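Enquirer: 3D model of this:
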Amino acid sequence: MGTWRDRPALLEIVVPAHNEADRLPAGLDLLCAKLAALPVRAAVIVVDNASTDGTAGIVEAWEGPVPVRLVRCERRGKGAAVRAGLLETRAPYVGFMDADMATDLAALDEAIVLLREGRPVVVGSRRHGRSVVQGYALPVRRLGAITFNRIVRDLVGGIPDTQCGFKFFYGPLGRAAAADLRTVGFSFDVELLAHCVRRGASVTDIPVIWRDRPGSTFSVRRHSLQCLLDLVRIRARAGFRLPFVPMVSNIPIVPLRAALGEPVPVPVALAESLTLANSTTLSNPVALSNPVALSKPVALPENASTSRAKTG
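Expert: Numbers count the residues shown, from 1 in each chain. I've put the predicted structure just below:
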């Protein structure tokens, strides 16, 4: 009789990696140790994004307390790598984070709790009022990030930080959004979140401890123009209606609040009403954390209200 560790993963985390042979071992050590301590089964997918160093070999030889597998993506670009990784997932909950682990992994506890309670998208935010940010790059890069996020807020559910490399999704939603993702560069986060929001999903931002790491491949001088062009394309595509993804999970609730020693909150409703595929309107709100099986897929109105954690 197998243990719970032999069962399929409840959570899969994608780590995009382009020439990360120097930083990846330490990052995987931290991530695997954290995942092994969680009360849920988890696995890691490292996407080798056309690396020319030993990144792939490190992953192939890796031995640790949680499964780590390699996916190859020869198309250059972080967006392309994240898309390839998310499409390889099968877990009920999925996410991605940067190989340098700039976001402290303590945020995983809150992210998992919120996902299991029904929040369809949970993202780390360096601009959250309770976040701790250490050594955030040059002033010009900080100013550029603030300006960038103000431009795209309406596309991504109002969150103030779209570029923090710490994002998690209800699995079917994350895979559907990734399948529609076309941006391969650094603006891909905006398009990915926009695909979720246009499917009726709320975006919840959470506080993080974030430490600037040397070795970032983003350059204000080299990449700003491309980012602006990508935003123009994303906005142009935002006029098209996307198919809906049912977001009521029939997976039994894992008592994570009890496991983590926290009180159980009131479940969060995704919208005030949900419309069945045959246009029959439900009279009562349906909470995402309610595991009641619906007989038909549900369609969410595009103007579904969003629910967010407090921001600064």
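Enquirer: doesn't P16 fall inside a helix?
Expert: No: assignment of P16 by DSSP: H, G, I helix; E, B strand; the rest coil gives strand, placing it outside any helix.
Enquirer: how much space is there between it and A80?
Expert: 9 Å (CB to CB, to the nearest Å). No exception for glycine: its C-beta is placed from N, CA and C like everyone else's.
Enquirer: more crowded one of those two?
Expert: Each of P16 and A80 has its neighbours counted (other CB atoms under 10 Å); P16 has more, 27 against 22.
Enquirer: and that one, what are its bridge partners?
Expert: P16 forms beta bridges with V47, as assigned by DSSP bridges.
Enquirer: give the contact list for it.
Expert: Under the criterion of CB atoms under 8 Å, 6 or more residues apart in numbering, the contact list for P16 reads V47, N49, K78, A81, V82, G85, F96, D98, A99.
Enquirer: tell me the contacts of the second one?
Expert: When contacts are counted by CB under 8 Å, 6+ apart, N49 is found next to P16, A17, H18, C73, R75, R76, G77, K78, A80, A81.
Enquirer: So what's the residue count around the closest residue in space to A36 that isn't next to it in sequence?
Expert: Spatial nearest neighbour of A36, excluding adjacent residues (CB to CB, 6 or more residues apart in numbering): P65 at 3.7 Å. Other residues near P65 number 12, with proximity taken as other CB under 10 Å.
Enquirer: measure P65 to A56 for me?
Expert: P65 sits 21 Å away from A56, going by CB to CB.
Enquirer: Also D104?
Expert: Relative to A56, and taking CB to CB, D104 is found at 27 Å.
Enquirer: quick one: what helix or strand has the nearest residue to A80 once chain neighbours are set aside in it?
Expert: Excluding the flanking residues, the one nearest A80 by CB to CB, 6+ apart is V184, at 4.2 Å. Using DSSP states H and E, V184 sits within no helix or strand.
Enquirer: what do you get for the one 10 residues further on?
Expert: When elements are assigned from DSSP H and E, A194 belongs to helix 188-197.
Enquirer: Same question for R90.
Expert: For R90, there is no enclosing helix or strand under DSSP H and E.
Enquirer: Need the phi and psi values for it.
Expert: Dihedral pair for R90: phi -140, psi -10, per degrees, to the nearest 10.
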